[in-house]
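Asker: Mind looking at a prediction? Sequence and model below.
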Amino acid sequence: MDKQAALHHFKEHHFTPLLDIQLDMLEAKFHRCQAQLISDFKESFRDLCIHILGMQQQGQKEAIGYIHYSFLRTQILEQSYLYMVEAYSAEWYEDDSDCKLTYDASWAYAPMSAMLEALEQERKIYMGTITSVDVERLMLESAPFFHQFVNSLLRLGLAEAILMPEYLAIHKTDRLAIRTGEYKDISENLYVEDQEALVPDDVSEQLMQSSEEEPYVYENLKQLSLPHLHLIQKDLRYNDFSHSDLRESQFHTCILIGSIWQRANLEGGSFQGCLLTDTDFRYSDLRGANFSSASGQPHREHGVRVPGLCGLRFEHANLDGADFTDVHSFEHAYFEGASMQGTLVPRKYQQHWKLNEVQRQSIVWTE
């Protein structure tokens with residue numbers, strides 16, 4: 001067996017099956033320990049904000065425009081799973097005033113250590129054809145599969161962390177972006193805060209003009225008054241509509257992956273046929289909202305599980321009279337503290353959703 005054939009066989013019969021097992025176990029842990037993981041992240045974020053403010057008070061740091069969570073592949077090989085967390089001014093990488101701490105992500109990457117040990121034993125049956133360097137290269141290539149869990153946890157945690165007084169106290173530029181990715185490489189927004197006051201009519205026009213070719217995404221659309229908005233087949237993923245007035249608004253067959261609607265007024269609104277994977281409706285007013293035929297379909301392809309890890313968040317929302325008829329892939333939906341008086345829910349979700357007795361009695365179960 002030549003080198004390439006041996007590598008192919010090793011990857012197919014040893015590496016990939018082991019990776020799939022570890023990702024399944026990590027996903028179970030992600031859901032089981034989510035509250036504690038978020039709490040730990042928030043403490044880390046609080047420390048960062050205190051550090052930033054301390055530097056600013058001493059005149060060592062300008063207003064913050066970027067906060068970046070970076071993983072470093074070189075450290076992964078050393079089995080160090082600390083993310084570098086850096087705060088930059090509006091100049092981003094041009095800012096030479098170091099402001100950094102670390103975030104311990106070993107909860108997500110620890111399985112890599114077990115994999116490395118197991119694969120070191122498995123490679124020996126190939127009689128020297130596969131080396132330790134080959135195993136290390138495969139492990140490094142798999143790093144993004146573990147990073148996706150950190151990415152998802154940061155998204156969930158930041159929704160709460162940005163409300164902390166320590167974050168509110170730091171001096172920020174007009175637009176602040178919190179991002180994550182590989183160190184000084186490709187990264188993506190986790191949260192965007194824009195101080196510039198938006199004009200509702202301008203936003204409405206931009207939303208109407210968006211298309212599959214020109215999606216309107218990753219925008220901060222908080223505290224806007226946009227009642228009776230009517231949008232069909234728009235790509236609005238990862239937009240933040242928190243605290244906005246969207247009463248009676250219609251979002252028909254729109255892509256709303258990762259969008260945030262915390263404390264928004266969505267009474268009488270419609271999300272009929274929308275793709276709602278990882279949407280966040282915590283504390284929102286959804287009385288009489290129509291979710292019929294909506295989907296929370298998670299992405300599953302060769303170890304990629306994002307979007308889909310965050311689930312659908314309805315904690316503390318008012319869902320009285322809301323309609324979940326014919327929704328699908330809503331297994332990972334969360335309703336702690338939600339009001340569900342007269343909410344229409346397919347009976348199949350009785351076994352999936354963690355509901356209290358009051359909620360179970362309030363729901364109108366449908367076939």
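Answerer: In hand now; what should we look at? Numbering: from 1, shown residues only.

Asker: okay, now Leu77: neighbour count?
Answerer: 15 (other C-beta atoms under 10 Å). (Glycine included, C-beta is placed from N, CA and C.)

Asker: top helix in this structure by residue count?
Answerer: helix 34-57 (DSSP state H).

Asker: Quick check: which helices or strands does that one pack against?
Answerer: strand 82-88, strand 100-104, helix 143-161, helix 165-169 (3 or more C-beta pairs under 8 Å, 6 or more residues apart in numbering; DSSP states H and E).

Asker: ranges for the helices of the stretch 251-367 of the chain?
Answerer: 357-362 (DSSP state H, counting those that start in this stretch).

Asker: So which residues of it form strands?
Answerer: 312-313, 333-334, 344-346, 364-366 (DSSP state E, counting those that start in this stretch).

Asker: Out of those strands, which is the most enclosed?
Answerer: Mean neighbours per residue, mean count of other C-beta atoms under 10 Å, is largest over the strands of the stretch 251-367 of the chain for strand 312-313, with a mean of 23.

Asker: I'd like to know which of the helices and strands packed on helix 34-57 lies nearest to Pro227.
Answerer: Of all the helices and strands packed on helix 34-57, it is helix 143-161 that lies closest to Pro227, at 23.8 Å by C-beta to C-beta.

Asker: okay, the helices and strands packed on helix 34-57 in JSON lines with distance to His51 next?
Answerer: Formatted as JSON lines, the helices and strands packed on helix 34-57 follow (distance: least, C-beta to C-beta, whole Å):
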{"stretch": "strand 82-88", "distance to His51": "8"}
{"stretch": "strand 100-104", "distance to His51": "6"}
{"stretch": "helix 143-161", "distance to His51": "14"}
{"stretch": "helix 165-169", "distance to His51": "10"}
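
Asker: Would you mind saying which of these lies nearest Val364?
Answerer: Smallest distance to Val364 across these (C-beta to C-beta): 29.5 Å, for helix 143-161.

Asker: Quick one: mean pLDDT for the closest one?
Answerer: Taken as a whole, helix 143-161 has an average pLDDT of 95.

Asker: Tabulate the strands of the stretch 251-367 of the chain (CSV), appending mean pLDDT and distance to Glu160.
Answerer: CSV is the format used below for the strands of the stretch 251-367 of the chain (pLDDT from 0 to 100; distance: least, C-beta to C-beta, whole Å):
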stretch, mean pLDDT, distance to Glu160
strand 312-313, 97, 11
strand 333-334, 96, 14
strand 344-346, 98, 26
strand 364-366, 97, 31
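
Asker: Please identify which of these is closest to Thr180.
Answerer: strand 312-313 (19.4 Å).

Asker: what distance separates that closest one from the centre of its chain?
Answerer: Relative to its parent chain, strand 312-313 has a centroid offset of 11 Å by C-alpha atoms, centre = their mean, to the nearest Å.

Asker: just checking, what packs against it?
Answerer: For strand 312-313, where contacts count as 3+ C-beta pairs under 8 Å, 6+ apart, the packed elements are strand 333-334.

Asker: Listing partners with orientation, what would you give for the strand it packs on?
Answerer: strand 312-313 (parallel) (DSSP bridges).

Asker: circling back to that earlier point, could you redo the strands of the stretch 251-367 of the chain as TSV and give each row distance to Arg175?
Answerer: Formatted as TSV, the strands of the stretch 251-367 of the chain follow (distance: least, C-beta to C-beta, whole Å):
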stretch	distance to Arg175
strand 312-313	25
strand 333-334	30
strand 344-346	40
strand 364-366	44
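
Asker: how about JSON lines for the helices and strands packed on helix 34-57, with distance to Asp185 and mean neighbour count added?
Answerer: Formatted as JSON lines, those follow (distance: least, C-beta to C-beta, whole Å; neighbours: other C-beta atoms under 10 Å):
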{"stretch": "strand 82-88", "distance to Asp185": "12", "mean neighbour count": "21"}
{"stretch": "strand 100-104", "distance to Asp185": "17", "mean neighbour count": "16"}
{"stretch": "helix 143-161", "distance to Asp185": "11", "mean neighbour count": "21"}
{"stretch": "helix 165-169", "distance to Asp185": "26", "mean neighbour count": "14"}
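
Asker: for these, which one sits closest to Arg32?
Answerer: Judging these by C-beta to C-beta, what sits closest to Arg32 is helix 143-161, at 12.7 Å.

Asker: Dump the closest one to PDB, keeping only the CA atoms.
Answerer: What follows is helix 143-161 as a C-alpha-only set of coordinates in PDB (Å, rounded to 0.1, in the frame of the first residue of the first chain):
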ATOM      1  CA  ALA A 143      -9.900  22.100  14.300                       C
ATOM      2  CA  PRO A 144     -12.900  23.900  12.700                       C
ATOM      3  CA  PHE A 145     -15.200  21.100  13.700                       C
ATOM      4  CA  PHE A 146     -14.500  21.800  17.400                       C
ATOM      5  CA  HIS A 147     -14.400  25.600  16.900                       C
ATOM      6  CA  GLN A 148     -18.000  25.500  15.700                       C
ATOM      7  CA  PHE A 149     -19.100  24.500  19.200                       C
ATOM      8  CA  VAL A 150     -17.200  27.500  20.700                       C
ATOM      9  CA  ASN A 151     -18.700  29.700  18.000                       C
ATOM     10  CA  SER A 152     -22.200  28.600  19.000                       C
ATOM     11  CA  LEU A 153     -21.600  29.000  22.700                       C
ATOM     12  CA  LEU A 154     -20.200  32.500  22.300                       C
ATOM     13  CA  ARG A 155     -23.300  33.500  20.300                       C
ATOM     14  CA  LEU A 156     -25.600  32.300  23.100                       C
ATOM     15  CA  GLY A 157     -23.500  33.800  25.800                       C
ATOM     16  CA  LEU A 158     -23.000  37.200  24.200                       C
ATOM     17  CA  ALA A 159     -26.700  37.800  24.100                       C
ATOM     18  CA  GLU A 160     -26.600  37.900  27.900                       C
ATOM     19  CA  ALA A 161     -23.000  39.200  28.400                       C
END
